[in-house]
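K.L.:
prediction below, plus the sequence it came from.
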Amino acid sequence: MTAPRTCRLVTLGCKVNQYETQYVKETLEANGYIEADEGQQADLCVVNTCTVTAEGDAKSRQAVRRLHQAQPKADIVVMGCYATRDPDAVRRLPGVVKVVADKTRIVEDLQPFGVEHPIDGISRFDEHQRAFVKVQDGCLLNCSYCIIPHVRPALRSRTPEEIVAEVTRLVENGYREIVLTGIHLGHYGFDLSRGKPKAQWCRLWHLLERLAELPGDYRLRLSSLEAAEARDDLVRVLAEQPRICPHLHLCLQSGSDRILARMKRRYRSAGFLERCRRIREALDKPAFSTDVIVGFPGETDADFEATCRVVREVGFSRIHLFSYSPRAGTEAANWRESVPSAVVAERRARLLEIERDLAEAYYRSLVGKSLDVLVEGADVSRPGFVRGTACRYMPVVCRGHAPALIRRRIPVRAVDLANGVLLGEPEAGEFENRQIGIRLSLPLAEE
């Protein structure tokens, strides 16, 4: 009997990349592959690369080189955004036998390695307690700093039927949080709706309404959105559907109107703040997270202060900070008004301090409130306690036994805050306590 072929997969970058790697992994399994054990030589290795920053390029090259050192006999296939942007550089890396420059052809490009049968979608999300579902690909914008529209230019939305089937499988397999993701999530359905009367449009809020009707104990979360796309139709659905997490990641990038114009963003600070105000009015204590680029070419102290003002006014509970990195092929890469690295470091430190203060204030505002918590593992520092992520996207520690609770959703009342983590008490009913072994005898804050 012939031994099954073995594979190993490495992923860099965003949620979309992580989804695509899972899709490739399950495709390989459907065609006779199994994942190589630790230390075992693999027949085929697949590296899914990132190119959003120069660091992403460097980490992608390093991942291929390390994989070749550890797996010298393996065929290495490289896919992802870096492979699309610079396929010639990728081909020169050691061990690389195939570069997938167009991810829509991944199954065809894997045919020489025995892959003949495509799959309809994923059925699990390995090494995660939450499952990411890619619903859309491509970006039509032309931000002056961003390379992604050059490597993912085609707008493609998956049909609602495909997505419903995939989400149904994941829920049936025990996943209790589904994160909808895409390269430009707010543009979901543009291509599906083109040329149709409005009554037949399929946009993100239509998809959410359909998913919210599916049976099963699960919740939905949106990944990154443009604030301009958090339209009233979408906010209405968020307010009407308790299954959708009251958390929005709205990309700010800068609070300076001058810098936003240079970035070719489609909003200004007043519009961003107004959109956040309307969301806050519609939802119950929603959480806001964001991305901010520090040190964009020409960013002055006044520009940075404008960013700090907007960040404070919104009250972001989490900020993903990026130091500006020029990308060859983008408009901003040709500008020479660079910000000194020491200044960038100072501004990053300042924003991190602001983030800590805002997060603490927001977390404290939730003390006494019941939160929907997805348990993700044991709390290693507290025997008999578990850690999870609340619907509003903050870490929570509560009393419970990990094996029985992992990947379960439980209601938890927030009682205190310590070291950036909410402390809580489970609110499960008596029957569920017996089933999952939660002890409710002492309030956590007294221990």
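P.N.:
Arrived safely. Numbering: from 1, shown residues only.
K.L.:
endpoints of stretch 228-237, how far apart?
P.N.:
16 Å (Cα to Cα, to the nearest Å).
K.L.:
which residues are in contact with it?
P.N.:
With contact meaning Cβ atoms under 8 Å, 6 or more residues apart in numbering, stretch 228-237 is reached by 185-187, 203-205, 208-209, 212, 244, 248, 250, 266-267, 271, 275, 278-279, 282-283. Heads up, the C-betas are built off the backbone N, CA and C, glycines and all.
K.L.:
do that again at 10 Å, thanks
P.N.:
Applying Cβ atoms under 10 Å, 6 or more residues apart in numbering, the external contacts of stretch 228-237 come out as 184-188, 203-209, 212, 222, 225, 238, 244, 248, 250, 265-267, 271-272, 275-276, 278-279, 281-283, 286.
K.L.:
buried set for that stretch?
P.N.:
Across stretch 228-237, burial judged by 16 or more other Cβ atoms under 10 Å covers 229, 230, 234, 235, 237.
K.L.:
give me the phi and psi for the second one.
P.N.:
Which is residue 230. Main-chain dihedrals, residue 230, degrees, to the nearest 10: phi -80, psi 60.
K.L.:
still on that earlier bit, looking at the buried residues of stretch 228-237, which are in helices?
P.N.:
Using DSSP state H, the subset of these located in helices is 234, 235, 237.
K.L.:
turn those into a markdown table, including distance to residue 106 and pLDDT.
P.N.:
Shown next, in a markdown table, are these (distance: Cβ to Cβ, whole Å; pLDDT from 0 to 100):
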| residue | distance to residue 106 | pLDDT |
| --- | --- | --- |
| 234 | 31 | 97 |
| 235 | 36 | 97 |
| 237 | 33 | 97 |
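K.L.:
which strands and helices sit next to the strand or helix carrying residue 274?
P.N.:
Using DSSP states H and E, residue 274 sits within helix 269-282. Secondary-structure packing of helix 269-282 (3 or more Cβ pairs under 10 Å, 6 or more residues apart in numbering; DSSP states H and E): helix 232-240, strand 247-250, helix 257-263, strand 287-294, helix 301-314.
K.L.:
which one of those lies nearest to residue 53?
P.N.:
strand 287-294 (10.5 Å; Cβ to Cβ).
K.L.:
off-centre distance for that closest one?
P.N.:
13 Å (Cα atoms, centre = their mean, to the nearest Å).
K.L.:
repeat that for stretch 301-315.
P.N.:
24 Å.
K.L.:
stretch 268-287 too?
P.N.:
The answer for stretch 268-287 is 21 Å, by Cα atoms, centre = their mean.
K.L.:
just the buried residues of that stretch, please?
P.N.:
Neighbour-count burial for stretch 268-287 flags 269, 272, 273, 275, 276, 279, 283, 286, 287 (criterion: 16+ other Cβ under 10 Å).
K.L.:
sec struct for residue 134, please.
P.N.:
strand (DSSP: H, G, I helix; E, B strand; the rest coil).
K.L.:
oh, I was asking about residue 411
P.N.:
Look at residue 411: counting by three-state DSSP, its state is strand.
K.L.:
number of nearby residues for it?
P.N.:
By the measure other Cβ atoms under 10 Å, the count of residues near residue 411 is 16.
K.L.:
test my guess that it contacts residue 424.
P.N.:
Yes - between residue 411 and residue 424 there is a contact under Cβ atoms under 10 Å: 9.3 Å.
K.L.:
okay, and the common contacts of those two?
P.N.:
Counting by Cβ under 10 Å, 6+ apart, the contacts common to residue 411 and residue 424 are 370, 371, 373, 398.
K.L.:
nearest to residue 335 among the buried residues of stretch 268-287?
P.N.:
Nearest to residue 335 among the buried residues of stretch 268-287 is residue 269, at 21.5 Å by Cβ to Cβ.
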